[in-house]
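Colleague: Sequence plus the predicted model coming up.
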Number of protein chains: 2
Amino acid sequence: MTDAYSDLMAFQRETEALGQVAGRLGWDQETVMPRGATQQRSEEMAAMESVLHARRSDPRVGDWLAEIDDTALGEVERAQMRHIRRSFDRTSRMPAKLASELARVMSVAQGVWAEARAKDDFQAFAPTLKEVLALKREEGAALSDGGDVYNALLDDYEPGATAESLDAMFGALRPRLVALREKVLGAEAPAGLSGSFDEGAQMRLARHIAKTFGYDMSRGRVDKAVHPFSSGSGTDVRITTRTAEDDPFNCLYSTIHEVGHASYEQNVDPAYLLTPLGQGVSMGVHESQSRIYENQLGRSEAFTHWLFGQMGEAFGDIGITSPDGFYRAVNNVRNGYIRTEADEVQYNLHVLLRYDLERALIARDLEVDDLEAAWNERFEADFGYKVDRASNGVLQDVHWSVGLFGYFPTYTLGNVYAGCLNEALRQARPNLDAELAAGDLSGATGWLRDNVQVHGGRYRPREVIGQATGAEPTEEPLLSYLEAKFMQLYGLRAA
Amino acid sequence: MTDAYSDLMAFQRETEALGQVAGRLGWDQETVMPRGATQQRSEEMAAMESVLHARRSDPRVGDWLAEIDDTALGEVERAQMRHIRRSFDRTSRMPAKLASELARVMSVAQGVWAEARAKDDFQAFAPTLKEVLALKREEGAALSDGGDVYNALLDDYEPGATAESLDAMFGALRPRLVALREKVLGAEAPAGLSGSFDEGAQMRLARHIAKTFGYDMSRGRVDKAVHPFSSGSGTDVRITTRTAEDDPFNCLYSTIHEVGHASYEQNVDPAYLLTPLGQGVSMGVHESQSRIYENQLGRSEAFTHWLFGQMGEAFGDIGITSPDGFYRAVNNVRNGYIRTEADEVQYNLHVLLRYDLERALIARDLEVDDLEAAWNERFEADFGYKVDRASNGVLQDVHWSVGLFGYFPTYTLGNVYAGCLNEALRQARPNLDAELAAGDLSGATGWLRDNVQVHGGRYRPREVIGQATGAEPTEEPLLSYLEAKFMQLYGLRAA
């Protein structure tokens, strides 16, 4: 352990602590902040960001990094260095003028997007999106250092991933998902829930389910917010959910999804607290946890049978009288424009659409003026019907307006990883269904904790999945799982 | 407006924003933080403090200050400079070694005090208190630059105040308060409330009363915490209160007290947001607002008559059937050891005791080994009975364990200022009692807003009171008010 390493890690620890504070401010804003505080809060957040940016680009970090010989360090320390070097390199490559231009454009772009969406008018957003896109292309070029521009952006969310590797995976997913979707939507739709679902009872059941999935309430809390999210690392990881009187699934499955994210953060080795290893390693691996909790576990036949009993206790008559009918209602597949409301079968088709379009935008194969038409054409090709308005199409997601190019594919990558993990989990625990049917999630979440979550940032994203499953991740387990589940569920036979 | 002034104010604005963030972390810790996050939070707070300290002592601030000619600035800008120069001078005078020693001792002293208090064992705290005291004497000497050591510490909480000026005021208060206390406790005690008071109903009534006193819920919120407090400035000023099933007064009057503090922060001129002028000017003036809201307004005969009706609506039978009986119950004077539970008559006697002892400690006229005996002797002299144990005596307050020497007198100074303001307010609004009896606080709180609160840090503490009342502040209005109120209330005649 060199002096430079100790000094760097002490400095980094304070930076991580400040990052947690900034995150907590975000939580506060979405849950408890008085509505009149918006303007003041934006100044407070900007001040925190400015402090964090100054520390991330502090010249002392460069000096320490130059002095440290990674080969003289142990494996964990080398992993810490991998993260710190990567972050410092990215920060150093970013020209100051570009960073401030981005900050300037971002400070208004989301508002412009929201207004355009409210008016269903893509043209009102297009000039702003052009500015954002130009700056993100520039950023990608600066970060890529001569390499692929899109990969440089993607790397921010999924270190080590490349568009080439994703193309192979996603190319295999798309046709089989389109085919599965067509078959399922051709079959008879299941009956839905009916009745009114007390929102207090929804929150009580959500908290109960969160604990059932292993969420540690002594290091977290569940609140309501407009959008469900998970926030924080280590010993303070909070989640939010939302309620709608007529739709308890929104509350319950948002909760399970966020518990997946939060459990990942809560279960990282405590030795890594407030270090670069002390949090989930990538967006893709993060999403694998939220999705396996939500879908492969939470929407499984066995678990929904247990949940059916809980629903009756919480709400009385829910309009469905058999566990099997309830399983079918939970896994209802139906047409819809909106990604965030999509079921397991269709969700990734929404993502792949965005991925292909944003790659083309960054590569200059597509320009903003042609984006809406390209979106609508692709949507009809995959879903079989036309987009009716921009807020149901190209304007539905906030991501591009806040510069998140390269983020979308991590959603599907997470689902692919979840498929791999589910296969390995079921091999490791042959009696999993009996456990789930009894509402006992400890075997499943314990396996994920020990094989994925505990490692935090220690291994690279693909490594951690590869080690947990004993194989290189591919899309095949996800596809097999989806085809088997939904063909069975909808009474269909393989061709 | 020089460039140096603009640069300094931009830098200062970011510092103020970061200070607000640190304050919000404190709120979070006392209200919503998961209990398992304590250790992590202390690191987060320490990181924020370290950032704030670095900014306050940043050499650029010294350069800007050297460059700026205050006489070329307008009056408001000069007031800004007064605060920034004062803060920078204090920070510069503090030796780095002493600051880190203080931080080291403080990080454990409060824990030692809490343990000693739980065991009623002053000797267990004495060695730590000696360390704290030695460092605070050293700090006072460094800050005073050859002047009075206690004044240098006092100046941190009440800029411009001196022990000499307080001695005159407090010397006049003590004998008349002792005499009033004796008379009142010799008279028949009023009947108290009886019954059980639903805690949810207490919180609902507390929020209603908070709004009645002008607290703006769109820029604040009311939560429960172990200790009531107010937190934040500008557009995000939150308060907490507490509830006890058998004692609604604790909740209601804590709320009114904190609303006084919070209203001061909410009502500062919005032009001063996130500048040194954008908050209450001193602890004494702050306490004047909380105390006039709580006592001169909240415990007045007229207001308690209105509150009596609210109590009936909120709780049904409260064991008291007349408005006058309720007024007497609110203002019950009885023996007790604890400062924070003391009534208007006795409260300042508790404070004066601490003030005299801490002055003697700092001046080396008293040593820690003799402190408990000195406390007990003084208590018996003023209150007429013996302290039964250390947790009811010398160990009851946290202040000294966290280095707050020079803070206690601001409580009584605040009460003195509240007395002055009350006199001026009643002259300005001759029909005030009719308004209060109708639950209309807008005239009173509007007058305080326009004459005190709006100025924030623009004027010096004594100046703002002097301008609001048209006279130099003295103890006489407070004494006359207390004597008149309690002699009448207890059916006593002047000698």
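Modeller: Now that the structure is in, tell me what you want to look at.

Colleague: going forward, measure contacts and count neighbours with C-alpha atoms only.
Modeller: Will do.

Colleague: Report the mean confidence score over stretch A:415-431.
Modeller: Averaging pLDDT along stretch A:415-431 yields 98.

Colleague: no, scratch that, I was asking about stretch A:178-194
Modeller: Averaged across stretch A:178-194, the pLDDT comes to 95.

Colleague: cool, stretch A:368-386 as well?
Modeller: 98.

Colleague: That stretch: how far from the chain's middle?
Modeller: 24 Å (C-alpha atoms, centre = their mean, to the nearest Å).

Colleague: okay, it in CSV with CA atoms only?
Modeller: Listed next in CSV are the C-alpha coordinates belonging to stretch A:368-386 (Å, rounded to 0.1, in the frame of the first residue of the first chain):
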residue,chain,number,x,y,z
VAL,A,368,-33.0,14.9,-36.3
ASP,A,369,-35.3,16.1,-39.0
ASP,A,370,-35.9,12.5,-40.1
LEU,A,371,-36.2,11.0,-36.6
GLU,A,372,-39.9,11.1,-36.1
ALA,A,373,-40.6,9.4,-39.5
ALA,A,374,-37.9,6.8,-38.7
TRP,A,375,-39.4,6.1,-35.3
ASN,A,376,-42.9,5.7,-36.7
GLU,A,377,-41.8,3.5,-39.5
ARG,A,378,-39.8,1.2,-37.2
PHE,A,379,-42.6,1.1,-34.7
GLU,A,380,-45.1,-0.1,-37.3
ALA,A,381,-42.7,-2.7,-38.6
ASP,A,382,-42.3,-4.3,-35.1
PHE,A,383,-45.7,-3.7,-33.6
GLY,A,384,-48.0,-3.8,-36.6
TYR,A,385,-49.8,-0.5,-36.0
LYS,A,386,-49.1,3.2,-36.4
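
Colleague: Buried residues, it. List them.
Modeller: By 16 or more other C-alpha atoms under 10 Å in any protein chain shown, the buried positions in stretch A:368-386 come out as A:368, A:371, A:372, A:374, A:375, A:376, A:378, A:379, A:382, A:383.

Colleague: Repeat that for stretch A:101-115.
Modeller: In stretch A:101-115, counting by 16+ other C-alpha under 10 Å, buried: A:102, A:105, A:106, A:109, A:110, A:112, A:113, A:114.

Colleague: Show me which helix runs longest in chain A.
Modeller: Longest helix in chain A by number of residues (criterion: DSSP state H): helix A:3-31.

Colleague: which parts of it are buried?
Modeller: Across helix A:3-31, burial judged by 16+ other C-alpha under 10 Å covers A:4-5, A:8-9, A:11-30.

Colleague: does chain B sit close to that helix?
Modeller: Yes. Helix A:3-31 reaches chain B (C-alpha under 8 Å from any C-alpha of the partner chain) through A:14, A:15, A:17, A:18, A:20, A:21, A:25.

Colleague: Residues contacting whichever helix or strand comes after that helix, please?
Modeller: Sequence order places helix A:38-56 as the next helix or strand after helix A:3-31, per DSSP states H and E. With C-alpha atoms under 8 Å, 6 or more residues apart in numbering or on different chains as the test, helix A:38-56 has contacts from A:15, A:18-19, A:22, A:25, A:29, A:87-88, A:91, B:14-15, B:17-18, B:20-21, B:234-236.

Colleague: where does chain A dip in pLDDT?
Modeller: A:1-2, A:495 (pLDDT under 70).

Colleague: Would you point out which residue is most central in it?
Modeller: Geometric centre of chain A, nearest residue: residue A:287, 4.2 Å, by C-alpha atoms, centre = their mean.

Colleague: Spatially nearest residue to that one, not counting backbone neighbours?
Modeller: What sits nearest to residue A:287 in space, not counting adjacent residues and going by C-alpha to C-alpha, 6 or more residues apart in numbering or on different chains, is residue A:414, at 4.6 Å.

Colleague: mind exporting the helix or strand harbouring the one you found as PDB, just the C-alpha atoms?
Modeller: Under the criterion DSSP H and E, the helix or strand holding residue A:414 is helix A:408-428. In PDB, the C-alpha atoms belonging to helix A:408-428 read as follows (Å, rounded to 0.1, in the frame of the first residue of the first chain):
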ATOM      1  CA  PHE A 408     -31.100   2.700 -23.600                       C
ATOM      2  CA  PRO A 409     -29.300  -0.500 -24.600                       C
ATOM      3  CA  THR A 410     -28.400  -1.200 -20.900                       C
ATOM      4  CA  TYR A 411     -32.100  -1.900 -20.300                       C
ATOM      5  CA  THR A 412     -32.100  -4.800 -22.700                       C
ATOM      6  CA  LEU A 413     -28.600  -5.900 -21.700                       C
ATOM      7  CA  GLY A 414     -30.000  -6.100 -18.200                       C
ATOM      8  CA  ASN A 415     -32.900  -8.300 -19.300                       C
ATOM      9  CA  VAL A 416     -30.400 -10.500 -21.200                       C
ATOM     10  CA  TYR A 417     -28.300 -10.800 -18.000                       C
ATOM     11  CA  ALA A 418     -31.400 -11.500 -16.000                       C
ATOM     12  CA  GLY A 419     -32.200 -14.300 -18.300                       C
ATOM     13  CA  CYS A 420     -28.700 -15.800 -17.800                       C
ATOM     14  CA  LEU A 421     -28.900 -15.400 -14.100                       C
ATOM     15  CA  ASN A 422     -32.400 -17.000 -13.900                       C
ATOM     16  CA  GLU A 423     -31.100 -20.100 -15.700                       C
ATOM     17  CA  ALA A 424     -28.200 -20.400 -13.300                       C
ATOM     18  CA  LEU A 425     -30.300 -19.700 -10.300                       C
ATOM     19  CA  ARG A 426     -32.800 -22.400 -11.200                       C
ATOM     20  CA  GLN A 427     -30.000 -24.900 -11.700                       C
ATOM     21  CA  ALA A 428     -28.600 -24.000  -8.300                       C
END
